[in-house]
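[1] my questions are about this predicted structure, shown below with the sequence.
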Amino acid sequence: MLRHEFLRTLHEVAQPRTYFEVGINDGRSLALSRVPTVAVDPAFKVVKELRCDLHMVRATSDDFFARKDPFEHLKGAKLDLAFIDGMHLFEFALRDFINAERHANPGTVVVFDDMLPRNVDEAARDRHTGGWTGDVYKIVPVLQRYRPDLVLALMDTSPTGVLVVLNLDPDNTVLSDKYDEIIKTYIQPDPQQVPDVLIQRGCAMTPDQVLEASFWPTFVAARDSGSWDDLRGLCADIDVTFRETPADPLTLAGWQPEPRAAAPRRAPAARAAVRPVAPRPATGPRSLPQRLIRSAVRQPGLRSAGKNVLNRLPHHWSRAIRKRVYRTLHKA
């Protein structure tokens, strides 16, 4: 199941009354909301029709949460559903969760994107691939270790998995109190150390196992009535089910990357004298006309389609095209 298909069905079964999104991008996930919504992204470029009572903020999530009343648009209502898909770096995703939980309730559902990198290169902090998750997968072991009260369900969605989090507690300060310790422990230089169980996806559930679960009507009723004791009891039962469902239990509380120093950068090698070579006829990505490039980037639809094409090309072609576009747009 594709990520956006999962999110669409989750909106249906969780029936949120409010929605929050970090990382708008082109608006595909935001377009699924039909309720009062707040969304934040420093560089969004929406190409989808949006059909909700919406407040979009062009800012970083840190700047957004630093506001006196970031969710003023929701008129005092707490968050029912939040989707965190901002910067693909662990510390940003962790801060987004810490800040969002302060505006949540025990019935809030939080979804993290990019929890199942397909290989170590895709999980790098310094992007050098087409598809990129960054190191946000570390959210899984950190929440298991520091917040065992949370209910976690890792979903095997395409392309790079999502994590569903239940049983939030806006009064819990463990993550913010331990933030410096967590960052010092879990942020390590590339290449990243990714647990095999995440790459192999044995600890992930199929989306249908969560979306078709029988607890949703009871969950929604308890949330809407504010019956927090009933809801927490239900979450305890859900947690037992989620822990027993995957082929490999999600047990990463004891995992952490081995500390290591960043590799020293190599000094640039001296260039050897070479004879000038006659230029070859332009072929491949270097032959892209500058006029075509400049015209395409002005049209959001073409730009989005172009990114999708690039992600399917071999890495060396994709990288060469991206460099060509960058040089064209930044040419003096």
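    That came through fine.
[2] what segments of this structure are helices?
    Using DSSP state H, the helices of the chain run over residues 3-14, 61-65, 90-101, 139-146, 174-177, 179-186, 196-200, 207-211, 216-225, 228-244, 290-297, 300-310, 315-329.
[3] from the contact counts, what lies against the first one?
    Identification of packing neighbours for helix 3-14 by 3 or more C-beta pairs under 8 Å, 6 or more residues apart in numbering; DSSP states H and E yields strand 81-84, strand 109-113, strand 162-166, helix 207-211, helix 216-225. Yep, even glycine has a C-beta here, placed from its N, CA and C like the rest.
[4] what's the angle from it to strand 109-113?
    Angle, helix 3-14 to strand 109-113, by axes from the mean of the first three to the mean of the last three C-alpha atoms, to 10 degrees: 180 degrees.
[5] ok now helix 3-14, how far from the chain's centre?
    Counting by C-alpha atoms, centre = their mean, to the nearest Å, helix 3-14 is centred 16 Å from the centre of its parent chain.
[6] buried sites along that helix?
    The neighbour-count check on helix 3-14 (16 or more other C-beta atoms under 10 Å) flags Arg3, Phe6, Leu7, Thr9, Leu10, His11, Val13, Ala14 as buried.
[7] I figured Leu32 hits Glu12, correct?
    No. In this structure, Leu32 is not within contact of Glu12 by C-beta atoms under 8 Å, at 9.5 Å.
[8] common neighbours of the two, please.
    By C-beta atoms under 8 Å, 6 or more residues apart in numbering, Leu32 and Glu12 have no common neighbours.
[9] redo the helices and strands packed on helix 3-14 as a markdown table? Include mean pLDDT and distance to Val194.
    Formatted as a markdown table, the helices and strands packed on helix 3-14 follow (pLDDT from 0 to 100; distance: least, C-beta to C-beta, whole Å):
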| stretch | mean pLDDT | distance to Val194 |
| --- | --- | --- |
| strand 81-84 | 98 | 19 |
| strand 109-113 | 98 | 16 |
| strand 162-166 | 98 | 15 |
| helix 207-211 | 96 | 22 |
| helix 216-225 | 98 | 32 |
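[10] among those, which is the most enclosed?
    strand 81-84 (a mean of 26; mean count of other C-beta atoms under 10 Å).
[11] helices or strands next to that strand in the packing?
    When contacts are defined as 3+ C-beta pairs under 8 Å, 6+ apart, strand 81-84 sits against helix 3-14, strand 19-22, helix 90-101, strand 109-113.
[12] just want the angle from the last one to helix 90-101.
    Right, the one you point to is strand 109-113. Using the same axes, to 10 degrees: strand 109-113 against helix 90-101 is 160 degrees.
[13] who does strand 109-113 pair up with?
    Strand 109-113 has its sheet partners listed here by DSSP bridges as strand 81-84 (parallel), strand 162-166 (antiparallel).
[14] residues contacting the longest one, please?
    If you take C-beta under 8 Å, 6+ apart as the criterion, strand 162-166 is touched by 3, 6, 10, 97, 109-115, 139-140, 143, 150-155, 210, 235, 238.
[15] again, only using 6 Å
    Residues from elsewhere that reach strand 162-166 (C-beta atoms under 6 Å, 6 or more residues apart in numbering): Val110, Val111, Phe112, Asp113, Met115, Leu150, Val151, Leu152, Ala153, Leu154, Met155, Cys235.
[16] farthest pair in those?
    The most widely separated members of the contacts of strand 162-166, counting by C-beta to C-beta, are Asp113 and Cys235 (22.2 Å).
[17] switch the helices and strands packed on helix 3-14 over to CSV; also include distance to Ala124.
    Listed next are the helices and strands packed on helix 3-14 as CSV, based on distance: least, C-beta to C-beta, whole Å:
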stretch, distance to Ala124
strand 81-84, 20
strand 109-113, 17
strand 162-166, 20
helix 207-211, 27
helix 216-225, 37
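[18] how about these, which one is nearest Trp255?
    Going by C-beta to C-beta, the one of those nearest Trp255 is strand 162-166, 15.0 Å.
[19] got the angle for the closest one vs helix 216-225?
    Using the same axes, to 10 degrees, strand 162-166 lies at 50 degrees relative to helix 216-225.
[20] what's the least confident stretch among the helices of the chain?
    Mean pLDDT values for the helices of the chain show the minimum at helix 290-297, a mean of 58.
[21] redo the helices and strands packed on strand 81-84 as TSV? Include distance to Phe71.
    Formatted as TSV, those follow (distance: least, C-beta to C-beta, whole Å):
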stretch	distance to Phe71
helix 3-14	18
strand 19-22	8
helix 90-101	10
strand 109-113	15
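[22] count the neighbours of the closest residue to Tyr186 other than its chain neighbours for me.
    Setting aside the residues directly before and after it, Tyr186 is nearest to Lys138 in space (C-beta to C-beta, 6 or more residues apart in numbering), at 4.9 Å. By the measure other C-beta atoms under 10 Å, the count of residues near Lys138 is 30.
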